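1. need a structure here:
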Amino acid sequence: MTKFEEQKFEIPELKGISAKNIEEHLKLYSGYVKNSNLILEKIAEYKEDSLKHAYALGELQRRFAFEFDGMRNHEHYFRFLEGGPKEISDGKLKKEIEKQYGSLDSFTNMFKAIALTRGIGWAILYFDPISNQLLTQWVDEQHLGHLNGLKWVLGIDMWEHSFVYDYQPSGKKQYVEDFFANLNWSVVEKNFDEATK
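-> Reported below is the predicted structural model:
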């Protein structure tokens, strides 16, 4: 079994989102990495007698999806904040957004609305190479509702832990605005370039 390794991120000072909030958020991410590895170890142990441990294996696999997706989702999220805010260029991604959504403003307004879905989860923008289009999605928790086989282009963590320290529950909308103010669009563009190869 290859163990998952905790990634390191260079997050600069952000508008609205404090260094303390990022520090605590990174600790949570670290837990997802640790738990993903622990579950894989336990699965390896139980598979030696899979009939005896069938129920436990099933429950571990469910939990693995939660922990693994929590790990990967956060790796995307923190990369969007690395390097400081950068505007979107007039490249491929902006042209595709304008083609599908009419304008960058129209897209960001819609994406922000998805992010404000009631409940805990993630707002994600994917690229589907089969239909050759961008698709938006709300993912409950970490793992319920991911679109199969699609690559991330953009995403925002909408669990309370991502914003409540700085914004309180009532400040969710301002957190979304500040996320976009801090967004490094060059990372989003790189994701799009890799997804469309």
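2. quickly list the domain ranges of this protein.
-> With domains defined by automatic domain parsing, the chain comprises 19-81, 92-195.
3. tell me the SS of residue 27?
-> Using DSSP: H, G, I helix; E, B strand; the rest coil, the structure places residue 27 in helix.
4. phi first, then psi, for the residue sitting nearest the centre point of the chain.
-> Centroid check for the chain by Cα atoms, centre = their mean gives residue 73 as the closest residue, at 3.3 Å. The phi/psi pair for residue 73 (degrees, to the nearest 10) reads phi -60, psi -40.
5. residue contacts, it?
-> Residue 73 makes contacts with 122, 139, 142, 155, 157, as judged by Cβ atoms under 8 Å, 6 or more residues apart in numbering. (Glycine included, C-beta is placed from N, CA and C.)
6. cutoff 10 Å now
-> 29, 32, 121-122, 124, 139, 141-143, 146, 152, 155-157, 159 (Cβ atoms under 10 Å, 6 or more residues apart in numbering).
7. sorry, back to before: distance to residue 5 and mean pLDDT added to the domains of the chain, as JSON lines?
-> Formatted as JSON lines, those follow (distance: least, Cβ to Cβ, whole Å; pLDDT from 0 to 100):
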{"stretch": "domain 19-81", "distance to residue 5": "7", "mean pLDDT": "95"}
{"stretch": "domain 92-195", "distance to residue 5": "19", "mean pLDDT": "97"}
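8. and the two most separated of the contacts of residue 73?
-> Pairwise distances among the contacts of residue 73 were taken by Cβ to Cβ; the largest, 17.8 Å, belongs to 29 and 146.
9. mind listing the strands for this structure?
-> Residue ranges of the strands in the chain, as given by DSSP state E, are 121-128, 133-140, 151-157.
10. of all those strands, which lies closest to residue 77?
-> Proximity to residue 77, assessed across the strands of the chain by Cβ to Cβ, is greatest for strand 151-157 (5.0 Å).
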